[in-house]
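A.B. asks: fold the stuff below for me.
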Amino acid sequence: MIEQAVLTVREGAVVDLNLVRVFTTVYESRSLTAAARRLFVTQPAVSQALGRLRRQCDDALFERVGSGMQPTPLADTLYPEFRDAVSRIDRALGAVHGFDPATSERAFRIALSELGEIGWLAAIARVVGARAPRARLEVVPLDNDTVGDELARGAIDLAVTSAALDHGHRLVKRERYLVAMGRSHPLAAAALTVDDYRAARRVWVTSDSSARHLAAAHRRLGGVTAAVLSVQHFVSLPDVLMAGECIATIPETLARGWAENWPIAVHDAPFAVPDAELHLYRRPTTQHLGALDWFAATVGDVISATPGRFAAIHASR
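C.D. replies: The predicted model follows:
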């Protein structure tokens with residue numbers, strides 16, 4: 001049934017490109033209302049276009065489940081080909097008309113963690129503002145549990161995270177983990193040994209999406225004492241470390257920046273830890289690809305070239 005319907009679409013009557021665009025937008029947003037908003041048309045217009053395509057495909061394509069639209073098996077089959085077709089056409093038109101950031105009034109949306117905002121937002125805003133002065137930049141909180149769905153639906157254009165997502169991405173940062181502690185800590189004066197590390201009182205940062213690699217390294221090492229303190233954010237660490245009782249294993253940029261400003265000592269980890277990798281993910285949706293290409297390239301270049309302003313995190317001392 002699915003194969004026969006696909007052949008009907010491919011070899012039967014010519015399918016209006018507008019219908020294909022409506023289909024891909026509904027598929028990505030899972031909502032008629034959201035699709036209408038993204039296409040700048042009314043919801044009845046989306047419903048009518050979807051009805052025409054349903055008749056051509058002889059399939060419901062989407063079924064309402066709760067407040068959303070669930071694609072049928074045929075819709076799942078059609079989407080990759082329809083998406084690629086729309087993308088090719090949009091890129092061809094974009095090559096003719098081009099995207100001009102100097103005149104664009106688009107709103108670009110990016111998901112950043114708290115550290116991402118501290119480290120790179122100022123540089124991103126400066127470059128985007130200089131090249132696209134009429135555009136708007138919107139930053140939303142990064143939630144690694146939902147960011148993949150937000151990208152898939154086109155709710156955000158880009159996301160910067162070390163989490164592994166099934167979306168197009170670019171590696172923008174790679175850095176090793178170092179061990180940080182207050183300079184008054186008993187282990188601050190000399191290189192750490194494995195036994196020192198195993199027995200030390202540690203702080204764990206629950207929001208560190210690369211910490212799964214550190215946890216795996218701890219398991220391989222064996223005998224590592226459980227963390228005595230878990231905090232939600234890296235910004236809590238400077239004061240905790242300067243109190244002199246705990247150590248923390250954190251990305252090098254943070255550790256070096258803090259050591260330059262506060263009485264914090266930094267040591268190499270006495271065991272192997274995979275580097276923390278930060279990726280820039282982009283939405284797979286088909287709208288405004290020229291603008292998306294420009295925004296992704298601009299943000300990726302800025303982050304790659306910016307060391308990060310993490311020393312700007314304030315401590316109470």
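
A.B. asks: and the residue sitting nearest the centre point of the chain, what does it touch?
C.D. replies: Nearest to the geometric centre of the chain sits A159, at 2.4 Å (Cα atoms, centre = their mean). With contacts defined as Cβ atoms under 8 Å, 6 or more residues apart in numbering, A159 is in contact with I110, A111, L112, L142, V147, E150, L151, L165, L280, Y281. Just so you know, the C-beta spots here come from the backbone N, C-alpha and C atoms, and that holds for glycine as well.

A.B. asks: try it again at 10 Å.
C.D. replies: Contacts here follow Cβ atoms under 10 Å, 6 or more residues apart in numbering; on that basis A159 touches 109-113, 116, 140, 142-144, 147-148, 150-151, 165, 167, 169, 279-283.

A.B. asks: phi, psi for the spatially closest residue to E114 that is not a sequence neighbour please.
C.D. replies: The shortest distance from E114 to any residue that is not its chain neighbour, by Cβ to Cβ, 6 or more residues apart in numbering, is 5.6 Å, and that residue is H233. In terms of degrees, to the nearest 10, the main-chain angles of H233 are phi -130, psi 150.

A.B. asks: just give the number of residues close to L187.
C.D. replies: 17 (other Cβ atoms under 10 Å).

A.B. asks: what's the local residue count around the closest residue to it other than its chain neighbours?
C.D. replies: Counting by Cβ to Cβ, 6+ apart, the nearest residue to L187 once its immediate chain neighbours are dropped is D196, at 5.4 Å. By the measure other Cβ under 10 Å, the count of residues near D196 is 16.

A.B. asks: then D195?
C.D. replies: With neighbours defined by other Cβ under 10 Å, the count for D195 comes to 10.

A.B. asks: residues in contact with it?
C.D. replies: The neighbours of D195, taking Cβ under 10 Å, 6+ apart as the test, are G223, P270.

A.B. asks: which SSE is it in?
C.D. replies: helix 194-199 (DSSP states H and E).

A.B. asks: after that helix, which helix or strand is next? Please name it.
C.D. replies: Scanning forward in sequence from helix 194-199, with DSSP H and E defining helices and strands, the next element found is strand 203-205.

A.B. asks: give the other helices and strands that that following strand contacts.
C.D. replies: Counting contacts by 3 or more Cβ pairs under 10 Å, 6 or more residues apart in numbering; DSSP states H and E, strand 203-205 is packed against helix 211-221, strand 229-231, helix 237-242, strand 247-251.

A.B. asks: most packed of those?
C.D. replies: Mean neighbour counts were compared across the helices and strands packed on strand 203-205 using mean count of other Cβ atoms under 10 Å; the top stretch is strand 247-251, at a mean of 25.

A.B. asks: am I right that I303 is in contact with L115?
C.D. replies: No. Taking Cβ atoms under 10 Å as the definition, I303 is not a contact partner of L115, at 11.9 Å.

A.B. asks: between those two, what contacts are shared?
C.D. replies: Once Cβ under 10 Å, 6+ apart is applied, the residues that I303 and L115 both contact turn out to be V160, L278.

A.B. asks: have a look at those two and say which one is more surrounded.
C.D. replies: Higher neighbour count among I303 and L115: L115, with 23 against 20, using other Cβ under 10 Å.

A.B. asks: quick check: closest non-adjacent residue to the more buried one.
C.D. replies: Once flanking residues are discounted, L115 sits nearest to F234: 5.7 Å by Cβ to Cβ, 6+ apart.

A.B. asks: quick one: residues contacting the residue nearest to L187.
C.D. replies: With contacts defined as Cβ under 10 Å, 6+ apart, D196 is in contact with V179, P186, L187, A190, I247, H267, P270.

A.B. asks: same thing with F62?
C.D. replies: Counting by Cβ under 10 Å, 6+ apart, F62 makes contact with 23, 26-27, 30, 32, 50, 54, 68-72, 75.

A.B. asks: let's have those in JSON lines, adding pLDDT, distance to A200 and neighbour count.
C.D. replies: Shown next, in JSON lines, are the contacts of F62 (pLDDT from 0 to 100; distance: Cβ to Cβ, whole Å; neighbours: other Cβ atoms under 10 Å):
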{"residue": "F23", "pLDDT": "90", "distance to A200": "57", "neighbour count": "27"}
{"residue": "V26", "pLDDT": "89", "distance to A200": "54", "neighbour count": "27"}
{"residue": "Y27", "pLDDT": "88", "distance to A200": "51", "neighbour count": "22"}
{"residue": "R30", "pLDDT": "86", "distance to A200": "48", "neighbour count": "18"}
{"residue": "L32", "pLDDT": "89", "distance to A200": "56", "neighbour count": "21"}
{"residue": "L50", "pLDDT": "90", "distance to A200": "60", "neighbour count": "20"}
{"residue": "R54", "pLDDT": "91", "distance to A200": "63", "neighbour count": "17"}
{"residue": "G68", "pLDDT": "84", "distance to A200": "48", "neighbour count": "13"}
{"residue": "M69", "pLDDT": "88", "distance to A200": "53", "neighbour count": "21"}
{"residue": "Q70", "pLDDT": "91", "distance to A200": "51", "neighbour count": "12"}
{"residue": "P71", "pLDDT": "92", "distance to A200": "52", "neighbour count": "18"}
{"residue": "T72", "pLDDT": "93", "distance to A200": "56", "neighbour count": "17"}
{"residue": "A75", "pLDDT": "91", "distance to A200": "54", "neighbour count": "23"}
